[in-house]
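**Q** Attaching a predicted model along with its sequence, questions to come.
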Amino acid sequence: MTVGIDAMAIHAGKLRLDLAETFAPAMDESPEKYTEGLGLHASSFPDVHEDIVTMGANAAHQLMERKGLEPADIGRIDVATESAFDNSKPVSTYIAGCLEKVFEDDFHHANKGERKFACISGTQSLDDAYNWIRAGRNRGRSALVIATDTALYARGDAGEATQGAGAVAMLIGEDPDLVELSVEQGFGSADETDFLKPNQQFPSVDGKRSVQVYLARMREALEDYESVAGRVHPDDFRFGPFHTPFPGMVRKAAMLAYRHLTRDTEIEDELEPELGRQPHPDEFDDESAYHDAVREYMDALKGTDQYRAWYDRTIEPTLDIARHVGNWYTGSVHVARLSALRRAREDRLDAAGERLLVGSYGSGAQAEIHTETVQENWDEELAALDIDDQLEARRDISFEEYEAIHDAHNHAKDDEFEALTTPSGEFVRDGQGPMNERTYRYVE
Ligand code: COA
């Protein structure tokens, strides 16, 4: 039985903050820090009437309509988020409630839950759905996995540079149209405090440390994956979608991955006259000398034709969307997969049968590596997506509007702001009920 992702849909926050033109000058920073250093041009932001429920419900609604599904076809709804506003009632119940406003039937027989482990919980929810189907408990039904986040940082925090908002809905089922998931997985996991939200809305972040923890856990996960699936060669996969808090992060991860994957291969032999062999810890008296040698090797490796060609072919296409939407936390690695497949379509690549090496990461911290195989109908699925239309339709905001929108989503502030866009054919948040619950309606 093949199990994997049958279809995907996204919902991007309806506002757009231009980082180079609007944010950088207001912060008295160079635009190149964003466009070149972080690799970001813009962030998506939620309008006043948008939140994790509306974005998730809008993505799921679009997906179900497109695939001609009814609630009875869905046996599970899992929401992955790190932006939840309720410690008890899961976001999936709110989203199911929204969807029941537009479908005749209900989701009363669907198992609903919420997954938490920073940005990796979207992938963990895929795993849960996969296991549920492989165990034969799905009764022929599919699972709906929704990764939805408003990635906002406290004003003045360094993380403000890498914000974003959006949702990714994924349909997981038997004989999928998009990608099959591998049985093999590798994990790298440790108790870390690089990014956390101990009962607070905005994260406590040690940004520089989170970069190091990302790299360390990802490396462990790759080694663990290889221990079960065998050595991975750089040519074994066509694209490498990685968790993308900002494209510059993936640039760093890709360098490390390439060094690891080329060790003791014909590529290392080919590069030897130019770079020498890769440094090995046994050859050095102390750790810092070893690390210096690794840094030197990596600096030289970065400039080689072999690395550049591999990066441009395998990694760069995964970053096209992230550059224009910023960090979507739990949705980010899934946006990277879409980005790669979208590029494959633009380049008229015959991608069926090609493999993806998918690297997910969540602070706190855990990385997971698995592979996916692109399915025959991938091209049709990609053709049905409206990513470009959504991104183009976003409304550009000024810095003053950004400040107001940030306040509108700050739980500690109760100022009222007018929405900047007019909703149409979508779910919106419309207030607070008697139990302090958020309330929603569908706008035709
Ligand atoms: N031209 C070109 N590059 C520039 C530049 C310029 N004028 N100015 C800065 N840069 C580069 C920096 O060298 C740096 O790149 P490097 O890391 O490869 O050296 C990059 O742009 C970012 O600049 P920096 O000064 O480090 O930015 P920052 O202090 O705002 O911190 C983060 C960046 C990512 C640490 C911060 O935004 C953050 O904490 N984000 C949230 C946490 C996160 O996303 N973690 C990732 C793991 S999940």
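**A** Thanks, I have the structure now. Numbers count the residues shown, from 1 in each chain.

**Q** Only C-alpha atoms from now on, for both contacts and neighbour counts.
**A** OK.

**Q** number of nearby residues for the residue lying closest to Ile397 once chain neighbours are set aside?
**A** Leaving aside its sequence neighbours, Ile397 sits nearest to Leu17 (Cα to Cα, 6 or more residues apart in numbering; 5.6 Å). Other residues near Leu17 number 26, with proximity taken as other Cα atoms under 10 Å.

**Q** Make sure Leu17 is indeed in a strand.
**A** Yes: Leu17: assigned to a strand according to DSSP: H, G, I helix; E, B strand; the rest coil.

**Q** Looking at it now. What's its pLDDT?
**A** Listed pLDDT for Leu17 reads 98.

**Q** Around the ligand, which positions in this structure sit nearby?
**A** 30, 32-33, 36-38, 158-159, 161-162, 207-208, 210-211, 214, 245 (Cα under 6 Å from any ligand atom).

**Q** just to revisit the earlier point, tell me if I'm right that the residue nearest to Ile397 and Ala42 touch.
**A** Yes: proximity of Leu17 to Ala42 meets the contact threshold set by Cα atoms under 8 Å, at 5.5 Å.

**Q** any idea how far the ligand is from His61?
**A** 29 Å (Cα to the nearest ligand atom, to the nearest Å).

**Q** Likewise for Val228?
**A** 26 Å.

**Q** wait, doesn't that residue sit right on Phe187?
**A** No: Val228 lies out of contact with Phe187 (Cα under 8 Å); the separation is 10.9 Å.

**Q** So for those two, which residue has more residues nearby?
**A** Comparing Val228 with Phe187 by other Cα under 10 Å, the one with more neighbours is Phe187, at 21 against 12.

**Q** ok, now which ones touch Glu32?
**A** Shown in contact with Glu32 (Cα atoms under 8 Å, 6 or more residues apart in numbering): Ala20.

**Q** mean confidence for the helix or strand hosting it?
**A** For Glu32, the host element (DSSP states H and E) is helix 31-32. Computed over helix 31-32, the mean pLDDT rounds to 98.

**Q** Ok, stretch 77-95 next?
**A** Mean pLDDT, stretch 77-95: 98.

**Q** List the buried residues in that stretch.
**A** Within stretch 77-95, the residues scored as buried using 16 or more other Cα atoms under 10 Å are 77-85, 90-95.

**Q** measure the nearest residue to Asp175 once chain neighbours are set aside to the ligand for me?
**A** Leaving aside its sequence neighbours, Asp175 sits nearest to Thr2 (Cα to Cα, 6+ apart; 5.2 Å). Counting by Cα to the nearest ligand atom, the gap from Thr2 to the ligand is 31 Å.

**Q** What's the per-residue pLDDT of Thr2 here?
**A** In this model, Thr2 is scored at 96, pLDDT.

**Q** residue contacts, it?
**A** Counting by Cα under 8 Å, 6+ apart, Thr2 has contacts 174-176, 180.

**Q** Only alpha carbons, please: show stretch 338-353 as CSV.
**A** Extracted in CSV, the C-alpha atoms of stretch 338-353 (Å, rounded to 0.1, in the frame of the first residue of the first chain):
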residue,chain,number,x,y,z
LEU,A,338,5.5,23.0,-2.9
SER,A,339,8.1,25.5,-3.9
ALA,A,340,10.3,22.8,-5.4
LEU,A,341,7.4,21.1,-7.2
ARG,A,342,6.2,24.4,-8.5
ARG,A,343,9.7,25.0,-10.0
ALA,A,344,9.7,21.5,-11.4
ARG,A,345,6.5,22.3,-13.2
GLU,A,346,7.8,25.7,-14.5
ASP,A,347,10.9,23.9,-15.8
ARG,A,348,8.7,21.2,-17.4
LEU,A,349,10.6,18.5,-15.5
ASP,A,350,9.3,15.0,-15.7
ALA,A,351,9.3,14.7,-11.9
ALA,A,352,7.3,11.5,-11.4
GLY,A,353,9.5,8.9,-9.6
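
**Q** mind checking how far that stretch is from the chain centre?
**A** 18 Å (Cα atoms, centre = their mean, to the nearest Å).

**Q** In contact with Leu126, which residues are there?
**A** Going by Cα under 8 Å, 6+ apart, Leu126 touches 145, 172.

**Q** How far off centre is the host helix or strand of it?
**A** Assigned by DSSP H and E, Leu126 falls within helix 121-134. Helix 121-134 sits 15 Å away from the centroid of its parent chain (Cα atoms, centre = their mean).

**Q** The helix or strand that comes right after it pairs with which strands, and in what direction?
**A** Per DSSP H and E, helix 121-134 leads on to strand 142-151 as the next helix or strand towards the C-terminus. Partner strands for strand 142-151, per DSSP bridges, with pairing direction: strand 74-80 (parallel), strand 164-174 (antiparallel).

**Q** Buried ones in strand 142-151, by neighbour count?
**A** For strand 142-151, by 16+ other Cα under 10 Å, it's 142-151.

**Q** what angle separates it from helix 121-134?
**A** Taking axes from the mean of the first three to the mean of the last three Cα atoms, to 10 degrees, one finds strand 142-151 and helix 121-134 inclined to each other by 170 degrees.

**Q** Go through the strands paired with strand 142-151 and pick out the most buried.
**A** Greatest average neighbour count among these goes to strand 164-174 (a mean of 28), per mean count of other Cα atoms under 10 Å.

**Q** does Thr439 really touch Gly97, like I thought?
**A** No: if you go by Cα under 8 Å, Thr439 and Gly97 don't touch, sitting 9.7 Å apart.

**Q** Gly54: which element?
**A** Actually, residue 54 is Thr rather than Gly. helix 52-67.
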